[in-house]
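> Here is my input, please return the structure:
(4 chains)
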4 protein chains.
Amino acid sequence: MPIPAPNLYPPFNILRLSHVVFGVKDLSASRRFYVDTLGLQVTDETDSAIYLRALEERGHHCLVLSKTDKSDVQSLSFKVFSEDELDKAHDWFKQKGHPVEWVERDYQGRTLATVDNFGMPIEFYFQMDRLAPIHQKYELYKGVKPLRIDHFNCFSSSVDESVAFYNEIGFRVTEYTEDEESGKLWAAWTHRKGGVHDIAFTNGLGPRLHHTAFWVPTPLNIIDLCDLMATTGYVSNIERGPGRHGISNAFFLYILDPDGHRIEIYCSDYQTVDPDLEAIKWDLKDPQRQTLWGAPAPRSWFEHGSLFEDLEPKQSDMAASPIIAP
Amino acid sequence: MPIPAPNLYPPFNILRLSHVVFGVKDLSASRRFYVDTLGLQVTDETDSAIYLRALEERGHHCLVLSKTDKSDVQSLSFKVFSEDELDKAHDWFKQKGHPVEWVERDYQGRTLATVDNFGMPIEFYFQMDRLAPIHQKYELYKGVKPLRIDHFNCFSSSVDESVAFYNEIGFRVTEYTEDEESGKLWAAWTHRKGGVHDIAFTNGLGPRLHHTAFWVPTPLNIIDLCDLMATTGYVSNIERGPGRHGISNAFFLYILDPDGHRIEIYCSDYQTVDPDLEAIKWDLKDPQRQTLWGAPAPRSWFEHGSLFEDLEPKQSDMAASPIIAP
Amino acid sequence: MPIPAPNLYPPFNILRLSHVVFGVKDLSASRRFYVDTLGLQVTDETDSAIYLRALEERGHHCLVLSKTDKSDVQSLSFKVFSEDELDKAHDWFKQKGHPVEWVERDYQGRTLATVDNFGMPIEFYFQMDRLAPIHQKYELYKGVKPLRIDHFNCFSSSVDESVAFYNEIGFRVTEYTEDEESGKLWAAWTHRKGGVHDIAFTNGLGPRLHHTAFWVPTPLNIIDLCDLMATTGYVSNIERGPGRHGISNAFFLYILDPDGHRIEIYCSDYQTVDPDLEAIKWDLKDPQRQTLWGAPAPRSWFEHGSLFEDLEPKQSDMAASPIIAP
Amino acid sequence: MPIPAPNLYPPFNILRLSHVVFGVKDLSASRRFYVDTLGLQVTDETDSAIYLRALEERGHHCLVLSKTDKSDVQSLSFKVFSEDELDKAHDWFKQKGHPVEWVERDYQGRTLATVDNFGMPIEFYFQMDRLAPIHQKYELYKGVKPLRIDHFNCFSSSVDESVAFYNEIGFRVTEYTEDEESGKLWAAWTHRKGGVHDIAFTNGLGPRLHHTAFWVPTPLNIIDLCDLMATTGYVSNIERGPGRHGISNAFFLYILDPDGHRIEIYCSDYQTVDPDLEAIKWDLKDPQRQTLWGAPAPRSWFEHGSLFEDLEPKQSDMAASPIIAP
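Modelled structure (predicted):
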C-alpha cells in the first residue's frame, strides 16, 4: 500500500502542532526536569499544573504538566489558522462521526476536543494568549536551550490507517519506512508547518505517545545536556543518542522524564514547504534509517510509550522491528 | 504610518522565494567563489550560465550565474503553490496594470515575468525540475555548507510603499525599523515560508538588490568560511560580521562576490507560521537592531547594492541612517 | 634585532602563569561581571576580596579581585616547579639587582615578590591550596564556561628588552611582529606551559597590563557570551571581536570589566612543547596578523591598558601602529 | 597497590609522544581512510610507505603507513628534549638491560630503538625534519580536521607494572581505574606534554596497541566525521561513540581503519602541567568512568587491539571488565 498523494486542499487549515498535556505524579520532580534541567520557561504555576513555553515561542504554553495519579497523556493539541477553520474542523469531525466537544482551556480561545481515527485525544484551537518575546533575553537560556516544540511521535497499531487519516486532514508525508515484504508502512513522518514533521507514527501497541520533541539551536546544546544530565542524577534518564537520524537527517537525543514520558531533543532537519516535495522511502531492513551512524536503538525505545488517559491501546499485527539492539 | 495588518487571504498563494539570476562578468571567477569557496552544487553548466543549488534543496536551482557584460541582477523569483495560483497571479498583476509576460525558463514550467510597484523585475513559477536529494551525501558538504536560499533584501526608495505592495500579495511583516520622528518605515522584513523573511526592504537608492542570503547549519560554519576566505585570497570580500543581528536574531556574515553582489550567510532565526505573530518594532536610533553586540556596520553596507538590469533606481527622500560606522 | 635563541636551560623552572590581582572599586559590580556573567567560580569571599577559579583549575585562584580606591593591577603571578626552583628564582633576581621580598599570600606557600626589567611587579610561588576537581560538575558551567587562565599581555616601552629579559628566564617566543623598517619588535608572544603564550608584550606606554585571557571550550561559548553581555547591560563592554587572530590562530573576544581591566576570551591556539619550534614572524604592515579576517581593532584596543599599582609607565619610542581602525 | 608518586626528576627528558608506524596491507585503502576521510596531510609517499602529519604539526610525520603483509604495529615513538637527553636515554635503557640500538629513520636524526618492560617496541629521537606551518592554510582542513597526534593507549598484562616502568621514566599518572577488590590497577593514563596522557594502559592481553588518538578542534568536527563515514562506506568502521569519557572528560569517537587499527578522535581534555596535580581515581564498577553519559562500550572495544610486529602478547591475570555491553 503506497503512501497517499498529499491532500493539498484539506477540509480545514491546521497550522502546526501546539502543545501536549502530561499527567505527572510529582510536580516538583517534573519541574526540576523540565525547568531546571531542560530550561523550559514557566508561564504559570499552580498547585495542580505548570505551564511551560520554549524560548522563541510567543504562545502561552507548549507543554502543560498536570498533577495526576497516573503518568499519562491527556491530549495532543494543534493550532488552526483562524476561528473559521476551527468551525470547519468541528463540522468535519462531527460529520465523520467523531465525538466533538467545545472545551474550556486556560489561556486559549474556543477549543475543540475530539479524537482521531483510533480514538487518540486531539484538540484544536485558533487563539492562545500571546506573551512578550523572550528569544533575546539570553540570560534565560539554560539547560538545552529549547527554542520550540517541534513534533509528536505516536505508536499506531496501523500506520497505514493513521497516515490515511492525517493525510486527509492535510498532513503531508515527508519520509516513511516500508516493510518490503508486506508492503505495509512501518513508520511515517507527516508535517503541516514546513519541517519534517508535526506528527509521526510508528508501528506498535497504539495509540500511545512515543515522544514529544523540542527544537534546539545546535548539536552542541545536546552534548551540553548530556553532560548536565549525567552529572545531576539523570544519567539513567538518557535513553538513546546523541546521534544523527537517517530519517529526517536530524541530530537527536532521547531522554525520559520522571514519569517515563519520552522527550526528544532535536535539531537540523530540513524545510518542506514545497507541495511537490517527494517523500523519501526507507527500507525497514536498513539500520541507517534509525541512526545514520549505525548504532542500534535500545529495546526500550521500540517498546516503551506513554498511555493516553482512559484509552486502551491495541496491538499492531505487524511483527516487531527486526532491528533492535540485542 | 503603521505597518499594515497582514493580508491573510491574498489574491494568490506564494510559497517562498526561489532563486535569483546574477549577471556576472567572469563565470570562472564566480564559480571559484560560489562553488569552490561557498560550497554550492553545480546542477548545470554551459558557456553562458551556471546553475547552482544548495544542499538540502531538491529544486534544480536557487542561483543562476549568467555571463553578461554587466554585474547586475536579472530578476528575483518566487514559487507559487500550484498552476492555478500562477494563473491567479497573472490575472492579478495584469488587472493592476503591471506588465505581464509568460517567459521560457530552463528547468521550469510556465513562468510569469512581471514587476513590482517600483518596477523591480520579479518572476513566478509553480514547477521546477526536481533532483534527487543530496542532503545526506556528506562528502559534498564543503565551504560554508549552504543548505538553502533563505531571503532577498532590497533597497527601496519608499519602504512604506514596498511593504504595502508585498503585504497585499501575502507577505507578512515580522520585524521593522521605524524612524520615530517621521513615522516612516526605515526597513521591514516580510515572509511567506515561515521564517523571519523571504524578502526584506531597506531605505535607500532603489530598487536595488542589497543581498541574497543562504542558510547554513550553525555559526561555526560561518567561522569556517571566514577562515577559508581569509586565507584563499578573499579577505577583502568579507564586508561585515560575523555577528548577531538584533532584528531576526540571526547569526550573520556579509560577503561580496567577484561582481560585488552581496551574499549573506545566515542561520538561527525563528519560526513565524502563526498568522497572529506580532511584528517586532525597532527604533532607528537603536544600534543593537543591526548588531546585537554593538559593532556598527561599515558605510559600504548602507550604500552599496546591485542594480537590476535596465532599471534606473531613484533616491529615497529619507535621510541617511544615523547609525553608520565612521 | 632578531629574536633571541630560546634559553633552554633557564636559571629556574617556571611552570606557567598562575593568577593576577586586580584592584577594583566596586566588588559587587566586579562579582556580577566575573561570576554572574563570565561564570568564574568563587573560592573565597570577604569584604575586601573575592578569589576566583576557572572550571578545570584545581589551584585555589586564578584571579583575585581586591577592593581598592583605584582600578589597577597589583601583580602578575607565576607558579614554579618546586620549592628549590623558588629559591633559585630568589637568588637569581637578587643577584641581578632586582628587589626581592618573601611575602605572605593567602592560600599560597612561600611567595617571592620582585619586579621585571621594567619594574613590573611579578610574584612566584610553588604551592597553592588545591581544591577538589569541579570540571565534571556541569551544573556549574555558566556564562562563557571559562576553563583556565591562559595568558597575560603587557604593554612594554621596549618589546625587544622585555623579550630579552623573559627569554633569559625561560620564556620562549612563539610568534612576533617586527617593524621591517626599524628592525625592532612590535610585539612578541612567549610561553612556558606549551601553548602560544603565558605572557606577551606589545609596544606602547608601559609597563601596563593590556589584558588577561581565559581559555574556553569552543568559539560557540564566545558567541554565547556576546549574546549574554549584549542583553544584560554590557554591550558597551564588548570592545573587539569575536574573530580569529592571525597571530596565535586563536579565536578571540575582548571585553572590559567594570574597572576597565581588559579580558580576552580565547580558544583554539596550538601546542608548542617542542624546544625547536620555529617562531612565526609577522610584518607590522600585515593587518591579518591582528585579525585574520581583516577587521581592524578599534583605537582603544591599542591605547587603553591597566596601570600597575604605584608604577608610572613610560612611552615607547616607536611610532603608533600603522594599522588602527579610523 | 597505590599509584606511585610522580618521578619529577626522571633519568632523561621525554617531551611527548611523536608518532607510530602501522603495518598496513593495502596502502591505497589506508590512504583513502587517513587522507581522504580523516584529513591527515601527506608529507611523503612511496610504493611502500605514506608519511602523514596533522594540521598544526611542524614535524614531518605523526603517522607512518608501511606496506606489509600483516596488519601490525612496528613501534611507538617519542621525542626527547635534546641530543643529550637521547644519549641519557640510551645509557639508561642499556644499564637496565633493555636491548638498545641506534637505527636509521627517514626524516629523523639519531634514533634509539629499544623496548619497554614488557618488550613493547619504543623509539626515541630528538630531531625530525621541520616543515612550514600549515595551520592557517584553511583550504587544507577536511574530514575531521585533525590537529595533532594526542596519545597512545596500550593493552598491558599488568597495568601496575606498566605504570611503575613509565613512571620511572617520567610519565605522570593523571587518572586511573582501580579494582577495589584486588587493589590492582585496571587502567591508567600518564602524560609528559601537559594533557591527560601521552600513553595510557588498560588491562588485557598485552602488549598490544589499543588505539592511537588525534586531537580535533571541537565535538562538531567529530559529528561531521560520523556523517561522512556513515555515507561513504565506513559505517561499520564506527565502533564506539561519539560520547564524553568520564576519565579525561574528553569528547571521543572510536573508529577502525581498514586494517583494524583503532583510532580515537579526541578533544576537550584538560591541562596537567602542575607537578602536584592529584591523580583522579575511578572505581572499576563505575560505568560513567568510560562514558559519562552511561552508554556502555561494545565488547570489541575491550577485546580487540593491534599486535606489535614479532611480539607475542600474554594474558593478564585480572578478570575481564565487569562493565561490557551485553
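
> from here on, contacts and neighbour counts on C-alpha atoms
OK.

> Pop out the phi and psi values for the residue nearest to residue A:219 when sequence neighbours are not counted.
Distances taken as C-alpha to C-alpha, 6 or more residues apart in numbering or on different chains put residue A:251 closest to residue A:219, at 6.4 Å, once the chain neighbours are dropped. The phi/psi pair for residue A:251 (degrees, to the nearest 10) reads phi -90, psi 130.

> domain ranges for chain A?
Per the record, chain A has its domains at A:14-130, A:144-307, by the TED database.

> for the shortest one, the distance to its chain's centre please.
Computed by C-alpha atoms, centre = their mean, to the nearest Å, the separation of domain A:14-130 from the middle of its chain amounts to 12 Å.

> And chain B, is it touching that?
Yes: Domain A:14-130 is in contact with chain B by C-alpha under 8 Å from any C-alpha of the partner chain, via A:15-16, A:56, A:58, A:81.

> Turn the residues you listed into CSV, including secondary structure, neighbour count and pLDDT.
Output for these, formatted as CSV (DSSP: H, G, I helix; E, B strand; the rest coil; neighbours: other C-alpha atoms under 10 Å in any protein chain shown; pLDDT from 0 to 100):
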residue, secondary structure, neighbour count, pLDDT
A:15, strand, 21, 98
A:16, strand, 24, 98
A:56, coil, 19, 98
A:58, coil, 21, 98
A:81, coil, 20, 98
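
> Mind picking the two most distant members of the residues you listed?
Greatest spatial distance among the residues of domain A:14-130 next to chain B (C-alpha to C-alpha): A:56 and A:81, at 19.5 Å.

> what's around residue A:301, how many residues?
16 (other C-alpha atoms under 10 Å in any protein chain shown).

> Name the SS class of it, please.
Here residue A:301 is recorded as helix under DSSP: H, G, I helix; E, B strand; the rest coil.

> Write out the residues of chain A neighbouring chain D.
Residues of chain A lying near chain D by C-alpha under 8 Å from any C-alpha: A:219-220, A:226-227, A:229-231, A:235-236, A:238, A:242-244, A:292-294, A:326.

> can we see that at 6 Å?
A:230, A:235, A:293 (C-alpha under 6 Å from any C-alpha of the partner chain).

> secondary structure element for the last one?
Put plainly, it is residue A:293. Following DSSP states H and E, one finds residue A:293 outside all helices and strands.

> where does residue A:151 land on pLDDT?
Residue A:151 carries a pLDDT value of 98.

> meant to ask about residue A:180, not that
89.

> Also the one 3 residues further on?
You'll see residue A:183 listed with a pLDDT of 93.

> same question, residue A:317
Reported pLDDT at residue A:317 in the predicted model: 83.

> Might you report the residue contacts of the nearest residue to it once chain neighbours are set aside?
Nearest non-adjacent residue to residue A:317, counting by C-alpha to C-alpha, 6+ apart: residue A:157, 7.2 Å away. For residue A:157, the contacting residues are A:203-206, A:315-316, by C-alpha atoms under 6 Å, 6 or more residues apart in numbering or on different chains.

> quick one: which of the residues of domain A:14-130 next to chain B is nearest chain D?
Nearest to chain D among the residues of domain A:14-130 next to chain B is residue A:56, at 23.9 Å by C-alpha to the nearest C-alpha.

> Correct me if wrong: that closest one contacts residue A:135.
Yes: the criterion here is C-alpha atoms under 6 Å, and residue A:56 meets it with residue A:135 at 4.8 Å.

> Relative to chain D, which residue of the stretch 101-250 of chain A is the closest?
Residue nearest to chain D within the stretch 101-250 of chain A: residue A:230 (5.1 Å; C-alpha to the nearest C-alpha).

> Dihedrals phi and psi, that residue?
Here is the backbone geometry of residue A:230 (degrees, to the nearest 10): phi -70, psi -20.

> What of the one 4 residues further on?
Dihedral angles of residue A:234 (phi, psi; degrees, to the nearest 10) stand at phi -110, psi 20.

> How many neighbouring residues does it have?
20.

> do residue A:233 as well
9.

> Return the residues of the stretch 51-200 of chain A in contact with chain C.
Counting by C-alpha under 6 Å from any C-alpha, the residues of the stretch 51-200 of chain A near chain C are A:138-139.

> Ok, the stretch 201-326 of chain A next?
Within the stretch 201-326 of chain A, the residues that sit near chain C (C-alpha under 6 Å from any C-alpha) are residue A:228.

> make it 10 Å
Within the stretch 201-326 of chain A, the positions near chain C by C-alpha under 10 Å from any C-alpha of the partner chain are A:218, A:220, A:224-232.

> Select, from the contacts of residue A:157, the two members most distant in space.
Checked with C-alpha to C-alpha, the contacts of residue A:157 reach their widest spread between A:203 and A:315, with 9.2 Å between them.

> Centre of the chain to stretch A:216-231, how far?
Its chain's C-alpha centre and that of stretch A:216-231 lie 20 Å apart, by C-alpha atoms, centre = their mean.

> Kindly check the end-to-end length of stretch A:17-34 for me.
19 Å (C-alpha to C-alpha, to the nearest Å).
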